[in-house]
Structure formats: C-alpha cells, structure tokens
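Participant: structure here, sequence nowhere to be found:
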C-alpha cells in the first residue's frame, strides 16, 4: 500500500524567502505525484504533477517540484515567497496501473510573514 | 476548464435530520469522490463512484450513503445527521480508463456543514 508523508504541519517563512515543503512517499513502483494548493474556504486546485519524463516539474504561481526516485521524495519549492502563497498544500500519489483513488498527505500550512 | 459545483457553500442542520449534499461536474468524468476535511486529519475519502449507479466505500463510510443516477451528479447523504459530522465536505472528479492515466482530481469549493 502506498503512503504519503508531509514533514511539518506548519511551515513559516518571511516574504521573499525560499519556500520548501517536503513530501515523501512509499510505493512499490514510482507513482504519479501531485501537489495541490487550498486557499481559505476553497477547494483544492492542482499546482503541478509528475507522470513521466523530466524529473523537475514546473507548476503555476512559480512553484516547482523535483521527483527523486532514490529518495522517494517530491519536495515543492518556490524561490521567493509572496504573501498570496499563504495556503494549505497537499501532496498526493496515485499508483501506476492501480486504483484511481489517490493517497493524500495530511497537508502543510504555509504561513508567510511580511 | 473543468467545473465541479457543490450546491451549498455553507449549511446548518439539526441533529437527526437527513442531509443531502449535491455535486455536479461538467467534464464527462467517470470518477467522482466525496471527502471530508478536518483540521489535522487531511482529506478522508467517504465514498467513490466510477460509473453511474456504481459506488465503493472509502475510509469512513459509516453514517453516509451516496447516489449517482446520472454521470454528472454525485450526491452525499447523511442519513441521520450527528454533531460529529460537522465538517468541510469536498467533492472531486477525474477521468478514468486510458484517459485517466496520471490525471489529477478536480475539486469543488466545498460545503462547510454544521450540525447543531
């Protein structure tokens, strides 16, 4: 069975600082990987996804993530945080050739200080 | 753009009432999902449907049922609402079959349900 671990339920950064949100997964084969963002009182929206090919994936709003098979990780980064990035971020995995039901991490709340 | 619409953003009901949460998607997705979201617990899957009239239990189906009579519509039913069902409810949809490979879910804006 696959699982997803997001390290840190809360991450606090200053505006302009690097954002790093960690995601590790366990799966028998490299899965499909997703990052979603949830702004207050809204549903989740896709930031980026990795399915195949280039391991560095660029998403919306300046975010990117790198799939590292050897580390079973898919960490999300952004070079310079903006106040509008304050939100909840979820990492999710779907098994290749398996169920269409993804497994979600518990989420990381990003707090951006002025 | 895919649109997943949940019928209510906020809902207040009383203990023991039968509650219906409606979800409609406009992209011909085969799969539809109901989650509840609680602080510190992330998203928990209640029910999943992969076709009309088909449903599968998720991780926390107790106290809930679902209905999918049309492909675009997936309803969540709280048979007899209780206070521990106060939560944010999220509906999602996705492609299935060959088109579903590596495809993400699309979410509605959620229904914040309070049971008094």
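Facilitator: Nice, I can see it. Note that the structure is a prediction, hence the values are computed from the model and not measured.
Participant: for residue 51, what are phi and psi?
Facilitator: All of this is about chain A. Per-residue torsions, residue A:51: phi -120, psi -50 (degrees, to the nearest 10).
Participant: which residue comes closest to it once chain neighbours are left out?
Facilitator: residue B:102 (3.5 Å; CB to CB, 6 or more residues apart in numbering or on different chains). (Glycine included, C-beta is placed from N, CA and C.)
Participant: okay, that neighbour: pLDDT?
Facilitator: pLDDT recorded at residue B:102 is 74.
Participant: please apply the same query to residue B:73.
Facilitator: Predicted confidence (pLDDT) for residue B:73: 97.
Participant: surely it meets residue B:23?
Facilitator: Yes - contact between residue B:73 and residue B:23 holds when scored by CB atoms under 8 Å: they sit 6.9 Å apart.
Participant: those two: which is more packed in?
Facilitator: Neighbours per residue, other CB atoms under 10 Å in any protein chain shown: of residue B:73 and residue B:23, the larger number sits with residue B:23, 26 against 15.
Participant: what about the more buried one, which SS state?
Facilitator: strand (DSSP: H, G, I helix; E, B strand; the rest coil).
Participant: my guess is it contacts residue B:8, does it?
Facilitator: No - the pair residue B:23 / residue B:8 is not scored as a contact, 10.5 Å apart, by CB under 8 Å.
Participant: tell me the contacts of the residue lying farthest from the centre of chain A?
Facilitator: Residue distances from the centre of chain A (CA atoms, centre = their mean) peak at residue A:114, which lies 23.1 Å from the mean C-alpha position. Contact partners of residue A:114, counting by CB atoms under 8 Å, 6 or more residues apart in numbering or on different chains, are A:14, A:15, A:83.
Participant: could these be laid out in JSON lines, adding distance to residue A:62?
Facilitator: Below are the contacts of residue A:114 laid out as JSON lines (distance: CB to CB, whole Å):
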{"residue": "A:14", "distance to residue A:62": "16"}
{"residue": "A:15", "distance to residue A:62": "13"}
{"residue": "A:83", "distance to residue A:62": "13"}
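Participant: neighbour-wise, which of the residues you listed leads?
Facilitator: So for the contacts of residue A:114 (other CB under 10 Å), the most neighbours sit at residue A:15, 14 neighbours.
Participant: quick check, that one in contact with residue A:81.
Facilitator: Yes - Residue A:15 is within contact range of residue A:81, at 5.8 Å (criterion: CB under 8 Å).
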